[in-house]
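Novice: here is my input, please return the structure:
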Amino acid sequence: MTDKRLFNLFLTVIILTAFAVPVILPETSHCAQSEVKIGVLANRGKEAAIKTWSKTASYLTGKIPQHRFTIVPLDFNEIDPAVSRKRVDFVVANPEFYVDLEAKYGVSRIATLKNRMRSGSYKVFGGVILCRADRSDIRLLRDLKGKEFMAVKEESLGGWTMAWRELKAQGIDPHRDFAELSYGGRHDSVVYAVRDRKVDAGTIRTDILERMADEGRIDLADFRILNRQTIENFPFALSTRLYPEWPFAKVRHTPDELGQDVAIALLNMGEENPAARAVGIDGWTIPLDYQPVHELMKELRLGVYKDYGQITLATAIRKYWRWLASALIFLLLMTLTTLYVIRLNRILRQSRLDLERSRHGLEIKVRERTAELMNSERRLADIIDFLPDATFAIDLEGRIILWNRTAEEFTGAKAAEMLGKGNQEYSLPFFGSRRAALIDLVLNPSAEIESLYPYVKKEGGLVIGECYAQSSKHDEAYILGIAAPLYDCEGRITGAIESIRDITERKEMERLKDEMISAVSHEMRTPLTAMLGYSEFLLENEVAPEQRQAYLQILFKETERLSELIGNFLDLQRLRSRRTPFTSQTLAITPLLDETAALFGTVSQRHRLTVDCPVGLPRVRGDGKDLRQAFNNLVSNAIKYSPNGGEIYLGAHREDDGVIIMVRDEGIGIPQKAQEKIFERFYRVDNSDRRAIGGTGLGLTLVREIVTAHGGRIWVESEPGRGSTFFVSLPVA
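Specialist: Residues are numbered from 1 along each chain as shown. Next comes the predicted model:
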């Protein structure tokens, strides 16, 4: 073979290789699988999570071969950052975590698991609150006050949060009313702790008791179910409302097409599939409504709802600027969304022009754009529905184009009934009549409309106003409204929007504060005037020693009265604001009454103090310092309003589930018409006998606040000229 032929052969091989490589490499690249990560809440440990869910990943890889699915176990502290930093594409967690991730990062559910239980599969579950069957002292939820209670974990929905909601509904604060709240870590640990008397009661998720009984580990007869609920077709012991099972959710950045493929694969997983058996489920179903979990977290202020519903005066003042910022952000979102929709419409018009070139391609694009538009509108509707204020909007013809969920709750009028209506129909649910509102003031500025509002303020394009209205909570609510115009992309006004917030409680607090300041100022003026007058007289005049002594005695009494007034006022404010922690302990009544009798026994020689309490009187729960002050005030009044002396009787006896304490005197008595008013601030009976006796008018008010704070009540029985008897009822500890 010649050199020329060898050269030609070599050149041919090079050319064929150059053409072959690009053809082979894309094929190789096309066959490579992309990794899809499934984050799983490892509530029983990471190794257990991998072992339980690995077959699900293998199942999905087999159904969707162009992707390789892997399990990423996440503990309670890792799941939030994993989703926020896009480290996983799908997530499987309990409903409480899912709702938090949904609200914070836009995670969306694509399927709900069907839990495998002994009598079938169930898509919902609940909580069980239990105690030993032989505990005769625990039959109702309210009997758990003062008891030791165990839950599974603080983050467990079925093993704690569900039960917490039911306890709260019965007026029980677990962190205050339980003697001890502990966590067992596992459901069966809680059951054993209750059975072995290590705790008084506990809570677990449904079906745990039945499974343990089937396995022979416990006897169901040993336990009593508290707050038992009976729901058709749900065969397990139940103490709470039912909630949807764990969801399989898609993270926002994951493509919709992949989410659809995964959802179809999960729905086709049979109950006998190895993946389902490894997890202990009967497969998956279409995603359930997780609104009950949202409501639970709102009520308990968990996760994203931590600050939900707080409307105290201090919070409102502190967060007012943020509220304005939120309103501006909302307007910005509305403008951006409008521009986005306009952009989509332009793309759609362009697509229609392309119909002549490619009908098939246009149909595909229309479907894609329509899906994007529907998702955008759905996201916008969700954002508006999650706003905490009643929000509605109108177009230029005055027709209602938006009515969010909070507006429905505020007024009772449903969006389906309101949308499309005009002629100021939006005013009827708020004011009971058709009338102009702030939203009209935005579109048609008018002094007549402004006159309907006691307070109106304009800031740029915003109009802020306050007035009285009606709501589902208050027959006469005081509302704060903010209205603003809506613009299109060219800056033209297309309508207006208004948000309304009920600030009735804030206004009532301001009124009570002003009333209290006015009353205290008035009551202080009398002793201060006397002190100033006598002091000035003593400074400017020569006074005989005996007269000086009398004036100084008056100054001392007025100073003492002023000190008592200030002290009672501060104690009253302390009790109402709860700035000083409430110290709760079991107390015996007899020693408290003995101390009071000993304290006042030497005050007057004309009075005889008698204490009469039976042996074995039950103890009460409360703050010894506060109760001692209440009894001291009652005995002090009894002595003060018995100027002629006589017996002061202090007694107590048991009645039903409470202890009744009595303080009886033989004094001047109280008129019938004044008996219901004497516990009001600064109220004093208007007669000559009582005007001669000093007092601040706060003593009995303070006693009532102390008794009420202890869950008791106070009343009086009296007849003018024959003395008075004050009764205090306190619950048994």
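Novice: T586 looks like it's in a strand, true?
Specialist: Yes - assessed with DSSP: H, G, I helix; E, B strand; the rest coil, T586 lies in a strand.
Novice: confidence score at it?
Specialist: T586 carries a pLDDT value of 92.
Novice: ok, now the one 5 residues further on?
Specialist: According to the predicted model, the pLDDT of P591 comes to 93.
Novice: now do the helix ranked longest in the chain, average pLDDT.
Specialist: As assigned by DSSP state H, the longest helix anywhere in the chain is helix 313-353. Averaged across helix 313-353, pLDDT comes to 80.
Novice: so how far is it from its chain's centroid?
Specialist: Computed by CA atoms, centre = their mean, to the nearest Å, the separation of helix 313-353 from the middle of its chain amounts to 27 Å.
Novice: what's the answer for stretch 261-272, then?
Specialist: Distance, centroid of stretch 261-272 to centroid of chain: 37 Å (CA atoms, centre = their mean).
Novice: what comes up buried for it?
Specialist: Buried positions in stretch 261-272, judged by neighbour count with 16 or more other CB atoms under 10 Å: 261-263, 265-266, 269. Where C-beta positions appear, they are placed from N, C-alpha and C, glycine not excepted.
Novice: still on that earlier bit, which strands and helices sit next to the longest helix of the chain?
Specialist: Counting contacts by 3 or more CB pairs under 8 Å, 6 or more residues apart in numbering; DSSP states H and E, helix 313-353 packs against helix 359-386, strand 477-487, strand 493-502, helix 504-540.
Novice: okay, V685: pLDDT?
Specialist: Model confidence at V685 (pLDDT) stands at 66.
Novice: ok, T370 next?
Specialist: 66.
Novice: equivalent analysis for L6, please.
Specialist: Confidence score, pLDDT, at L6: 47.
Novice: ok, the one 10 residues further on next?
Specialist: On the pLDDT scale, L16 is placed at 42.
Novice: just S471 next, same as before
Specialist: pLDDT, S471: 80.
Novice: check contacts around it.
Specialist: 410-411, 430, 477, 479, 502 (CB atoms under 8 Å, 6 or more residues apart in numbering).
Novice: which non-adjacent residue is nearest it?
Specialist: Counting by CB to CB, 6 or more residues apart in numbering, S471 lies nearest to A477, which is 4.3 Å off, once chain neighbours are set aside.
Novice: residues in contact with the one you found?
Specialist: Shown in contact with A477 (CB under 8 Å, 6+ apart): 468-471, 502, 504.
Novice: among those, which ones are buried?
Specialist: 469-471, 502, 504.
Novice: ok, and the closest non-adjacent residue to E155?
Specialist: In space, E155 is closest to F76, 5.2 Å off (CB to CB, 6+ apart).
Novice: any chance of the buried residues of stretch 261-272 in JSON lines, plus distance to E508, pLDDT and secondary structure?
Specialist: Formatted as JSON lines, the buried residues of stretch 261-272 follow (distance: CB to CB, whole Å; pLDDT from 0 to 100; DSSP: H, G, I helix; E, B strand; the rest coil):
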{"residue": "D261", "distance to E508": "56", "pLDDT": "95", "secondary structure": "helix"}
{"residue": "V262", "distance to E508": "53", "pLDDT": "96", "secondary structure": "helix"}
{"residue": "A263", "distance to E508": "50", "pLDDT": "95", "secondary structure": "helix"}
{"residue": "A265", "distance to E508": "57", "pLDDT": "94", "secondary structure": "helix"}
{"residue": "L266", "distance to E508": "52", "pLDDT": "95", "secondary structure": "helix"}
{"residue": "M269", "distance to E508": "56", "pLDDT": "92", "secondary structure": "coil"}
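Novice: max pairwise distance over the residues you listed: which two?
Specialist: Greatest spacing in these, by CB to CB: D261 and M269 (13.3 Å).
Novice: mind listing what's buried in the host helix or strand of F149?
Specialist: Using DSSP states H and E, F149 maps to strand 148-151. Neighbour counts using 16+ other CB under 10 Å place 148-151 of strand 148-151 among the buried residues.
Novice: thanks again, I'm all set now.
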